[in-house]
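1. Next input, structure requested:
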Amino acid sequence: MKRRLVRALIASVVMSSLMIMTVSATPSVDELKNKKAAAESEVSDLQTTLNTLMTKMNELQNQLISTGEKLIQAEEDLTVAEKKKKQQYEDMKLRIKYMYEEGNGSALEKVASSGSISELLNQVEYAQKVHTYDRNMLHEYEDTVQEVEDIKTGLEEKKMELENLQVEYEAQSQELNTTIAEKSDEIENLDGMIQEAVAAALEAERKRQEEEQRRQEEAQAQQNQIQDQVTSSDSPISGGGGGNDSYGNDSYVEPPYNAVTGNAVVDRAYGCIGLPYVWGATGPGSFDCSGLVGYCLTGGYGRLGTTYTFMTWPQVSDPQPGDVCTNWDHCGIYIGGGQMIHAPQPGESVKIGPVQGGMIFVRY
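-> Next up is the predicted model:
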């Protein structure tokens, strides 16, 4: 009887040790972490490339603003030169009329009534000098007008080249942003997979420990049963457990908002509706997008910054009228209800439109 019980105990212990062997189908945590690190490195490289591109786009925007300002000045110079040319032509016609069409005292009569060869030659020479002066002045103003027109043409060609380059940079920027967003999603997914893998590993370890404890308790119970039968003795069984958890969070305090200031900004923006878009213009008769925002915020006709400047300002999640809505390429003044007042692009005027997708809201 005693031998039979001992053999049963040994068989029970052996079967218990072979009963459960946990094979985890969850991906390796280390492998997932390596994939995440590789994706983060790739995102870092892409972000560096994007930052370099943003710097180039900022420089390009400044060049476009400068070229636009030079074009404005060239147009003003051309208008002045044309007026001078027209005035000089009118003055010349008056002198010719005086010299050849007036009565007594005209240059023609003076030449005809000269009393000597010397006086005749003097009168002819005087008339010739007047003609020469007028002709030279006309040529001078014509050269000036042509020079200004050539400068304007060159600036327009340069502006077109810069605008084409801007389109190219914007396409590259969009592609990089899309790739970074995809990689960020991949990293987020890997984070989730890592958390699931860690949780699965912890759960598997908990189950393994529970199973190990259960097998030990069963083996102990069987041993105690055998021992009870053999020696009629008892043994207590005990156990226990516990756990804890924790969490944390942080909060973000938005910049303060002043309704009076915000309403003044919006009033200035409404006052600019209908004015044309001109690269480099900061008012009062025309604006580009950042020139309009600078005027609305300060009330002065000077450049406060570009979209790259505004992107660094404090961001708000509850935008109010008078805040700036901006991205890397465009900006406007928020007026509430998802609408903004902005200077869209060349060929258009300042107008009201919906806030563009992807814009953030910042406060001056």
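2. Could I get the full set of helices for the stretch 51-200 of the chain?
-> Along the stretch 51-200 of the chain, counting by DSSP state H, counting those that start in this stretch, helices occupy 107-112, 117-231.
3. Least confident of those helices, on average?
-> Mean pLDDT is lowest for helix 107-112 among the helices of the stretch 51-200 of the chain, at a mean of 55.
4. in the stretch 201-350 of the chain, which spans are strands?
-> 315-316, 324-326, 331-336, 339-342 (DSSP state E, counting those that start in this stretch).
5. so which of the ones you listed gets nearest L275?
-> strand 339-342 (10.9 Å; CB to CB). Every C-beta, even on glycine, is put in place using the N, C-alpha and C of the backbone.
6. got the buried residues for the following helix or strand past that closest one?
-> Proceeding N to C from strand 339-342, the next assigned helix or strand is strand 351-354, under DSSP states H and E. Across strand 351-354, burial judged by 16 or more other CB atoms under 10 Å covers K351.
7. Centre of the chain to strand 351-354, how far?
-> 19 Å (CA atoms, centre = their mean, to the nearest Å).
8. packing partners for the helix or strand that it is followed by?
-> Using DSSP H and E, the helix or strand that follows strand 351-354 in sequence is strand 360-362. Secondary-structure packing of strand 360-362 (3 or more CB pairs under 8 Å, 6 or more residues apart in numbering; DSSP states H and E): strand 315-316, strand 324-326.
9. what does strand 360-362 rub up against?
-> The contact list for strand 360-362 (CB atoms under 8 Å, 6 or more residues apart in numbering) reads 310-311, 313-317, 319, 323-327, 334.
10. From these, list the buried ones, please.
-> Among the contacts of strand 360-362, those scoring as buried are 310-311, 313, 315-316, 319, 323-326, 334 (criterion: 16+ other CB under 10 Å).
11. Turn the residues you listed into a markdown table, including distance to C289 and pLDDT.
-> Converted to a markdown table, the buried ones among the contacts of strand 360-362 look like this (distance: CB to CB, whole Å; pLDDT from 0 to 100):
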| residue | distance to C289 | pLDDT |
| --- | --- | --- |
| F310 | 10 | 95 |
| M311 | 13 | 93 |
| W313 | 15 | 95 |
| Q315 | 19 | 94 |
| V316 | 20 | 94 |
| P319 | 18 | 95 |
| D323 | 15 | 97 |
| V324 | 11 | 97 |
| C325 | 11 | 97 |
| T326 | 9 | 96 |
| Y334 | 14 | 97 |
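12. P344: what's it in contact with?
-> Residues in contact with P344, defined by CB under 8 Å, 6+ apart, are 277, 289, 330, 351, 353.
13. sorry, back to before: turn the helices and strands packed on strand 360-362 into a markdown table, including distance to E59.
-> Shown next, in a markdown table, are the helices and strands packed on strand 360-362 (distance: least, CB to CB, whole Å):
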| stretch | distance to E59 |
| --- | --- |
| strand 315-316 | 24 |
| strand 324-326 | 18 |
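14. looking at the helices of the stretch 51-200 of the chain, which is closest to D30?
-> It's helix 117-231; of the helices of the stretch 51-200 of the chain, that one is closest to D30 (CB to CB) at 9.4 Å.
15. so what does that closest one touch, helix or strand wise?
-> Checking 3+ CB pairs under 8 Å, 6+ apart, helix 117-231 ends up next to helix 2-19, helix 29-100, helix 107-112.
16. worst average pLDDT in these?
-> Among those, helix 2-19 scores lowest, at a mean of 46.
17. so which of the strands of the stretch 201-350 of the chain gets nearest V29?
-> The minimum distance between V29 and the strands of the stretch 201-350 of the chain falls on strand 315-316, with 35.2 Å, by CB to CB.
18. partners of that closest one in the sheet?
-> Counting by DSSP bridges, the strands paired with strand 315-316 are strand 360-362 (antiparallel).
19. Return the distance of the strand it pairs with from the chain's centre.
-> Worked out by CA atoms, centre = their mean, strand 360-362 lies 11 Å from the chain centre.
20. Check stretch 154-169 too.
-> How far stretch 154-169 lies from its chain's middle: 19 Å, per CA atoms, centre = their mean.
21. now stretch 149-156
-> Using CA atoms, centre = their mean, the offset of stretch 149-156 from its chain centre is 30 Å.
22. Show me what counts as buried in it.
-> 151-152, 155.
23. now swap in stretch 203-222 and tell me
-> For stretch 203-222, by 16+ other CB under 10 Å, it's 215, 219, 222.
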